[in-house]
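S.K.: The amino acid sequence is not available; the structure is as follows:
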């Protein structure tokens, strides 16, 4: 979606949520689009959050919530569908995208698509999911069975490796440099080129302060969870403990 359209839709959602006291949503959004949504929503006077159907999802919904809402993830209008097929058959993201688009579904109606041998889980808007379940019998030339929801772990579920380092400050550029083992200037370039997301939101501010439990994704470098960044060394640097998704 164009940035002006995203901004307009987010403003409308905030207004409706504030006036009617009901949750309102916009999605699915790419990381660059979440940055636009967050910038607009920060001055909207309404609580908001992002969610894509599972933790650390790439494409996410924007949600504006009234004060009475608890367990916000429950309200997001997202439905996962599981596609099963023979393990000897190979399907790619392009195969799934092509089949979904052939149904006339817009890109904003489809979230992440997670694939493993013989199984894929894709996330859809609640309105679109029943139509996909009814219409899809094949992905490309491969026959598939479609069921609502998913069981067990998601395809490609990430494992975590632990690591630690020290940084001069909790600024985003310092932390990114530590996470990827690069210079601060290199980290700043990643940030300027919109290759870094913080808690699913693309950020271009190198001075953003990182806190415990923040999640950072760096394009081509991976995803990271900050365990702690508030303990000082004897030399006044900050100890950073983090996990990397592999």
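M.R.: Received, thanks. Keep in mind the model is a prediction, meaning the values are calculated, not measured.

S.K.: What is the helix or strand bottoming out on mean pLDDT in the chain packed up against?
M.R.: Scoring the helices and strands of the chain by mean pLDDT, DSSP states H and E places strand 201-202 at the bottom, with a mean of 81. Judged by 3 or more Cβ pairs under 8 Å, 6 or more residues apart in numbering; DSSP states H and E, the packing partners of strand 201-202 are helix 31-41. For the C-beta atoms, the positions are set from N, CA and C on the backbone; glycine is no exception.

S.K.: what mean pLDDT does whichever helix or strand comes after the helix it packs on have?
M.R.: Sequence order places strand 47-51 as the next helix or strand after helix 31-41, per DSSP states H and E. The pLDDT scores in strand 47-51 average 93.

S.K.: Remind me which helix or strand residue 227 belongs to.
M.R.: Going by DSSP H and E, residue 227 is part of strand 222-232.

S.K.: Direction included, what does that strand pair against?
M.R.: strand 215-218 (antiparallel), strand 238-245 (antiparallel) (DSSP bridges).

S.K.: Could I get those in JSON lines, plus columns for distance to residue 45?
M.R.: Below are those laid out as JSON lines (distance: least, Cβ to Cβ, whole Å):
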{"stretch": "strand 215-218", "distance to residue 45": "26"}
{"stretch": "strand 238-245", "distance to residue 45": "34"}
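
S.K.: Tell me where the model's unsure across the protein.
M.R.: Of all residues in the chain, those with pLDDT under 70 make up the ranges 1, 157-158.

S.K.: mind giving me the domain ranges of it?
M.R.: Per the record, the chain has its domains at 3-74, 78-148, 160-245, by automatic domain parsing.

S.K.: rewinding a little: not counting the least confident helix or strand of the chain itself, show me its contacts.
M.R.: Here strand 201-202 makes contact (Cβ atoms under 8 Å, 6 or more residues apart in numbering) with 31-32, 34-35, 38, 50, 194, 196.

S.K.: Surely residue 226 touches residue 238?
M.R.: No. Assessed by Cβ atoms under 8 Å, residue 226 is found out of contact with residue 238, at 11.0 Å.

S.K.: Name the residues contacting each of the two.
M.R.: The contact sets of residue 226 and residue 238 do not overlap (Cβ under 8 Å, 6+ apart).

S.K.: Three-state assignment for the residue located most distally from the centre of the chain, please.
M.R.: Most distant from the centre of the chain: residue 234, at 37.1 Å, with distances by Cα atoms, centre = their mean. Of the three states, residue 234 takes coil under DSSP: H, G, I helix; E, B strand; the rest coil.

S.K.: For the residue nearest to residue 209 when sequence neighbours are not counted, give its distance to residue 85.
M.R.: Excluding the flanking residues, the one nearest residue 209 by Cβ to Cβ, 6 or more residues apart in numbering is residue 170, at 5.1 Å. Distance of residue 170 to residue 85, computed by Cβ to Cβ, to the nearest Å: 46 Å.

S.K.: Over to residue 206?
M.R.: Distance of residue 206 to residue 85, given as Cβ to Cβ: 45 Å.

S.K.: And for residue 40?
M.R.: To residue 85, residue 40 is 41 Å away according to Cβ to Cβ.
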